[in-house]
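Trainee: Turn this into a model:
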Amino acid sequence: MHFSPAILSGITLIKPRRHGDARGYFAETFRADRFTDEVGRYEFVQENESLSAQVGTIRGLHFQTDPFAQGKLVRCVQGALLDVAVDIRVGSPTFGQSIAVELSAENARQLWVPRGFAHGFCTLRPNTLLSYKVTAYYSAEHDKGLAWNDPAIGVEWPDCADPETLSAKDRIQPRLADLPACFAYEG
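Mentor: Purely as a prediction, here's the structure:
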């Protein structure tokens with residue numbers, strides 16, 4: 001696996017190496033020892049899947065607050081998506097900035113999104129399947145969000161992004177300026 005720290009502190013792009021032959025390929029998609037050496041020691045407690053049938057489906061931007069704040073290791077198993085993370089750590093030098101990375105079944109890239117970031121995505125192909133491991137269990141009480149289209153964070157969503165696909169919850173998320181301080185930057 002190849003680990004590349006991203007522009008935003010704490011975010012890491014991971015590219016598993018595929019070993020292929022005429023039958024297909026083999027790849028290690030996760031190794032705790034390598035992940036710990038490159039990113040840090042985290043315990044994953046839950047794995048989730050999200051299937052989006054329609055191109056342009058927007059999900060997010062989501063996060064959970066303490067004590068259920070989650071780090072997420074995200075990968076696309078089928079199709080393709082634009083994966084987005086926004087730094088919401090008050091005091092961070094990159095507070096309010098975002099990163100957007102294309103993840104697809106073909107490129108096999110994964111994105112590590114630590115606690116303190118809002119996360120979301122937009123599907124680029126039909127029947128896109130996302131799989132992600134998280135470091136804390138889901139808690140409805142601690143489930144929060146950020147407006148996906150807040151101009152203050154400036155995400156460059158693809159032309160296919162369809163606001164009609166937003167869930168009822170995602171249609172009413174606050175803008176960054178109205179978001180209470182949920183995380184502090186720990187340097």
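
Trainee: Would you agree Gln70 is in contact with Phe63?
Mentor: Yes: using Cβ atoms under 8 Å, Gln70 makes contact with Phe63 at a distance of 7.2 Å. The way it works is simple: take the backbone N, C-alpha and C, and place the C-beta from them, glycine included.

Trainee: Which residues are in contact with each of those two?
Mentor: The contact sets of Gln70 and Phe63 overlap at Arg115 (Cβ atoms under 8 Å, 6 or more residues apart in numbering).

Trainee: Extract the C-alpha trace of stretch 160-167 and format it as CSV.
Mentor: Extracted in CSV, the C-alpha atoms of stretch 160-167 (Å, rounded to 0.1, in the frame of the first residue of the first chain):
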residue,chain,number,x,y,z
CYS,A,160,-24.0,16.0,-12.3
ALA,A,161,-24.5,16.8,-8.5
ASP,A,162,-28.3,16.8,-8.1
PRO,A,163,-29.7,18.6,-5.0
GLU,A,164,-33.0,16.7,-5.6
THR,A,165,-31.2,13.6,-4.3
LEU,A,166,-30.5,15.1,-0.9
SER,A,167,-32.1,13.4,2.1
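
Trainee: and the residue minimising distance to the centre of the chain, what is it in contact with?
Mentor: The residue lying closest to the centre of the chain (Cα atoms, centre = their mean) is His119, at 4.4 Å. Contacts for His119 (Cβ under 8 Å, 6+ apart) come out as Gly60, Leu61, His62, Phe63, Lys72, Val74, Asp83, Val84, Ala85, Val86, Val113.
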